[in-house]
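Asker: the following comprises the amino acid sequence and a computationally predicted model.
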Amino acid sequence: MIMNDQIFITLAAEERGGLFDFGATLPLVAIEFLLLMFVLNLILYNPLVTLMNQRNEYILDNLSQASEMLTTANELTAEYETELKATKKQAQQEIV
């Protein structure tokens, strides 16, 4: 019982340094956090964003090239089909 009273007195006497101590450590932690964010922004985030933008541009360029190639292929297919029809018609006339 005496030991429990001593623990209670010790806990009650402890005023500073608890879980929510907003003394000088809070500004230091805030400064450290801001410094860490600045360093990470320089080292990690900016190069990563640049790399992702380059990748997006590369993908968009390839998609536009593929679209142009598909349009050209469709035009050539239509042209070859009309030539094939004309050739078949000419072959039928020569046979008859």
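Answerer: Okay, I see it.
Asker: helices of the chain, start to end?
Answerer: Assigned by DSSP state H, the helices in the chain fall at 2-13, 25-40, 46-95.
Asker: can you put the ones you listed in JSON lines and add mean pLDDT?
Answerer: What follows is these, written out as JSON lines (pLDDT from 0 to 100):
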{"stretch": "helix 2-13", "mean pLDDT": "55"}
{"stretch": "helix 25-40", "mean pLDDT": "91"}
{"stretch": "helix 46-95", "mean pLDDT": "95"}
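Asker: can you lay out those helices as a markdown table showing mean neighbour count?
Answerer: The way it works is simple: take the backbone N, C-alpha and C, and place the C-beta from them, glycine included. Formatted as a markdown table, the helices of the chain follow (neighbours: other C-beta atoms under 10 Å):
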| stretch | mean neighbour count |
| --- | --- |
| helix 2-13 | 9 |
| helix 25-40 | 10 |
| helix 46-95 | 10 |
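Asker: grab the most central residue of the protein for me.
Answerer: residue 52 (6.6 Å; C-alpha atoms, centre = their mean).
Asker: ok, that residue to residue 62 distance?
Answerer: Residue 52 sits at a distance of 16 Å from residue 62 (criterion: C-beta to C-beta, to the nearest Å).
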